[in-house]
Every structure is written in C-alpha cells, then in structure tokens.
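> One predicted model, sequence on top.
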Amino acid sequence: MSRKYRIGIVGCGVAGAASALFLARDGHDVTIVEQAPVLGAAGAGILLQKSGQTILQHLGLREHVLQHAAPLEELYARQLSGSTLIRTRYADYGPECCAYGVHRGMLFSALHSELWKHGVQIATGCVSESREIDAQGVWIRDSCQRRHGPFDFLLVANGSRSRMREACGMRARTWNYAHGTLWFIAPLRVPGRLLQVVRGNRQLFGLMPMGDGLCTMYWGLPERDYPALQKRGLAALKQEILTFAPESEPVLEFITDMQQLHYTSYRHVWMPRWFDRTTLFLGDAAHGMSPHLGQGMNLALVDAYRFSECLRESQTPHAAFTAFRHKQRAYLRYYALLTFALSPFFQSDWPILAWGRDIALPLLPKIPYVKRQMLMTVTGMKSDFFGSELQL
Ligand SMILES: Cc1cc2nc3c(=O)[nH]c(=O)nc-3n(C[C@H](O)[C@H](O)[C@H](O)COP(=O)(O)OP(=O)(O)OC[C@H]3O[C@@H](n4cnc5c(N)ncnc54)[C@H](O)[C@@H]3O)c2cc1C
C-alpha cells in the first residue's frame, strides 16, 4: 500500500460496512457516520447471488453467512392460471452454483461484528447532511451541526434516498416506482427456491427461505392502494393472498396484526458521474434500483471490493475513483439499465407489458445463447452488455 488514508464513510449499510472492512484491512483509518442510533439486524430476506458470495469469500465471511442462509436451487415464477412463466435453475449455470436466501439483518450483523475487530470507528445516531472542505481535508457535517473528520476523502453509501448527492452538488436523477411491496418474515422452513406467482403486472406474490428456519413472504402492490388495503383489514388481505397463492397458508397463520407487515417502496437512481475530487458515491446512493433482478445488495458488495482494489493500485484517491469508474461502469450500467427496463414488466400500470412478458419469457430460455445470458445475469456474473463473465 502506498499511503495510509483517513477515510470517512457515510452510511453503514452493506456498501458502507463492506467498504470499511476492506479498507480497514488494508490499514486505512476508517470512520463511518451512520444515522441509526443503534446498529441493528433489520430488513427482509434478500438473494445472495454468486457475485455476492464471492465478495463475502474475499472478506472471510462466506462460510459464516452461509451457515445462516438457505440454498436456493431455482427461481420459479408461475402465472395465476398455473402455467410456468419462468424456471431458472442455478445448476444450469455451473454444477455447484446456487443462490442463498439470507436475512438482510444477519448479513449486517456479520459485517458489523468484523468492523469492531478491525478498529473501524462508527459514529451512530448522526444524520449526515453536508460536506465541508478546508485545508485539513474533507469533513462530514451532521444534522446536530457536529463535524466528523478531517478525512482525506469520503465514500458516500447512504442508500437510494441519499441527500448527500445534492449537498455535494452531484448531478443525479431519481425515479420513484409507483409500486412497492409488503413483506413479512415467518419462523417457517419452506422449499429451497424463490417462488413467485403473478397476475399481469399488478399483482405479485413471493416466498423465499432465508436460513435459520425463517422465510420471507412478499406481496407487491401499487403504493396508492396501500391505504385502501389497510382499511379493508387483515382478514380480507389474508384471504386475497391465500386465494392467489395457496403456498402462503402456513405463513399467513403467523400474521395476526397488520403492524407485522412492512411496506417498502423502491426508487431508481442514475448518476452520470459517481465522484468529484474528494468524494465517491457507492451502492444504492450511486445506482439504486428496484429489487426485481435481486442484485442491489450484490452490486453494493462488488462496489466495495472493486474500490478497495483500485485504491491499492492507485497513487491518489482521485486516481482510484477514476480507476473504479473504469472498472465498474459497464457492469453497473448493464444491471441498472436492465433492471430499469424490466421492472415495469413485473410491476406497473401498463398491462400490455405483462402480455408481452407472458408470451416472451417462457420462450426466451429455449434459445441456448439467451438462456446462458439470463443465467449469467441472475447470478450477478455478467460483466456488461456484450456477454463476458465478471472476474472477481
Ligand atoms: C424489498 C426489497 C428487496 C430487496 N431484495 C434484494 C435481493 O434479493 N437481492 C439484492 O441483492 N438486493 C435486494 N434489495 C436491494 C438491497 O437491499 C440494496 O441494494 C442494498 O441494501 C444497498 O445497500 P447500500 O449499503 O447501498 O444502502 P442501504 O442498505 O440503504 O444502506 C444505507 C445506510 O445508510 C444509512 N443512512 C441513510 N441516510 C443517512 C445519512 N443522512 N447519514 C448517515 N447515514 C445514513 C442508513 O441508515 C443505512 O444504514 C432489496 C431491496 C428491497 C427494498
């Protein structure tokens, strides 16, 4: 390593925590500023793809995380009528390949416990609002007017709703999706696959195991329908889900109160440039997207790994930012554009897209080249639009 840097990181999610860990292991002096008062194990089940598994391996956390995760052999989606929409078997990608369903909170806990061991400073309960630059370096100013720093440079990893983009004068466009999802975690073992049931692109049910005897159920709906759904009450909602997907029955037994269901909306973030002289944006703050391809957390992990690699190989932080852009651009643009283009086929108010999807999706995997591209995409291993495989 050429130099030891003082690095400030905004946000202790997957991107922030994984970056901190890689950088602290390289001997840098790392401080995270996180808005949550306590670092806790929150969140739903997520898909840990082959790309994310590889990064956890580099962090030495793969085995630990997988002990608390559930292997998924396939992604299976059917229409309400019962006909198969798509069945993607991970073994078709490679003999040992599978995804893992994992509790987001479990992944956070694994990362957080390592942060302490590697001497990363974490300032919790501090909402970062802006950045200041003076002769000593770069500072983070929080909502209580405290200053954190000085740092040689900043990584901003505070999620898709980041206001630091604006505060740092970075150009960004964001789109709020009209549809989101209600999710629930049940103490129940379910078969090792991601099951989805769809009707057009207005209704969507999902069920996924996530290790430690837990599973996540989700129910997609337009955000504007959420108040009416709450008014109709829990019994009506449970009946609707049960009729839609009978597999939900044992899960629904654990839901006794509407408060147990969490609603999440999503947004797409596009930044033409992720960095300036002192600050680099990572993870959802730089390229937030809907969860339809199940890649966001995996991309955040790859960002963290790739940036630490770039810093090791570069003479200055700015050179590392430039190298990072060079390495990640095609890969991130591929997943961002594909997710942006595909999301309305699964959740939107344009039924014509669902009709097209229902015709095309069962046929596409019959073409061997397309099937291979689809497998590379879902495993998180497609490096760009032109078919090459990600090297991690
Ligand atoms: C319903 C749903 C399902 C998903 N399923 C999958 C999946 O199956 N697979 C997958 O790969 N991805 C999935 N994702 C996406 C995944 O969760 C995100 O892409 C991933 O968490 C991004 O990590 P991040 O660290 O960039 O941001 P976040 O996880 O959002 O973390 C941001 C952190 O910054 C903190 N913060 C925010 N603002 C401030 C501030 N002003 N100051 C200080 N701290 C701040 C937050 O408290 C948080 O700790 C899903 C997302 C949703 C909503």
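Good, I have the coordinates. Residues are numbered from 1 along each chain as shown.

> Which residues are in contact with the residue located most distally from the centre of the chain?
Distance to the chain centre peaks in the chain at residue 135, reaching 36.2 Å (criterion: CA atoms, centre = their mean). For residue 135, the contact set (CB atoms under 8 Å, 6 or more residues apart in numbering) is empty. In short, each C-beta sits where N, CA and C put it, glycine included.

> if I look at it, how far off is residue 26?
Distance from residue 135 to residue 26, counting by CB to CB, to the nearest Å: 26 Å.

> In the stretch 101-250 of the chain, which residue sits nearest the ligand?
residue 159 (2.8 Å; CB to the nearest ligand atom).

> What residues does that residue make contact with?
Counting by CB under 8 Å, 6+ apart, residue 159 makes contact with 11, 13, 283, 284, 285, 288.

> cutoff 6 Å now
By CB atoms under 6 Å, 6 or more residues apart in numbering, the residues touching residue 159 are 13, 284, 285.

> how about residue 303, what does it touch?
15, 282, 283.

> again, but for residue 39
Listed by CB under 6 Å, 6+ apart, the contact set of residue 39 reads residue 112.

> Look at it and give its secondary structure.
Following DSSP: H, G, I helix; E, B strand; the rest coil, residue 39 is assigned to coil.

> Next one: it from the ligand, what distance?
Counting by CB to the nearest ligand atom, to the nearest Å, the separation of residue 39 from the ligand is 8 Å.

> Which pLDDT value does the model give that residue?
We have a pLDDT of 82 for residue 39.

> Show the contacting residues for residue 3.
Contacts for residue 3 (CB under 6 Å, 6+ apart) come out as none.

> Serialize the contacts of residue 303 to JSON lines and add fields for pLDDT.
Below are the contacts of residue 303 laid out as JSON lines (pLDDT from 0 to 100):
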{"residue": "15", "pLDDT": "97"}
{"residue": "282", "pLDDT": "97"}
{"residue": "283", "pLDDT": "98"}
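
> Export those residues as TSV, with columns for distance to residue 271 and secondary structure.
Below are the contacts of residue 303 laid out as TSV (distance: CB to CB, whole Å; DSSP: H, G, I helix; E, B strand; the rest coil):
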residue	distance to residue 271	secondary structure
15	14	helix
282	11	coil
283	12	coil
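
> Which strand runs longest in the protein?
With secondary structure taken from DSSP state E, the chain has its longest strand at strand 173-186.

> Surely residue 85 is in a helix?
No: checked against three-state DSSP, residue 85 lies outside a helix; its state is strand.

> what's around it, how many residues?
Residues lying near residue 85 (other CB atoms under 10 Å) number 16.

> near the ligand, which residues of the chain show up?
Contact residues (CB under 6 Å from any ligand atom) of the chain with the ligand: 10-16, 33-36, 44, 46-47, 127-128, 157-159, 181, 183, 264, 266, 283-285, 291, 294-298, 300.

> if we can go back for a sec, quick check: closest non-adjacent residue to the residue of the stretch 101-250 of the chain closest to the ligand.
Nearest non-adjacent residue to residue 159, counting by CB to CB, 6 or more residues apart in numbering: residue 284, 4.7 Å away.

> for residue 226, same thing?
Leaving aside its chain neighbours, residue 226 sits nearest to residue 263 (5.8 Å; criterion: CB to CB, 6+ apart).

> Is that neighbour in a helix, a strand, or coil?
Under three-state DSSP, residue 263 falls in the strand class.

> Do you have the strands of the stretch 151-300 of the chain handy? List them.
Using DSSP state E, counting those that start in this stretch, the strands found in the stretch 151-300 of the chain span residues 153-156, 173-186, 193-199, 203-209, 215-222, 262-270, 279-281.
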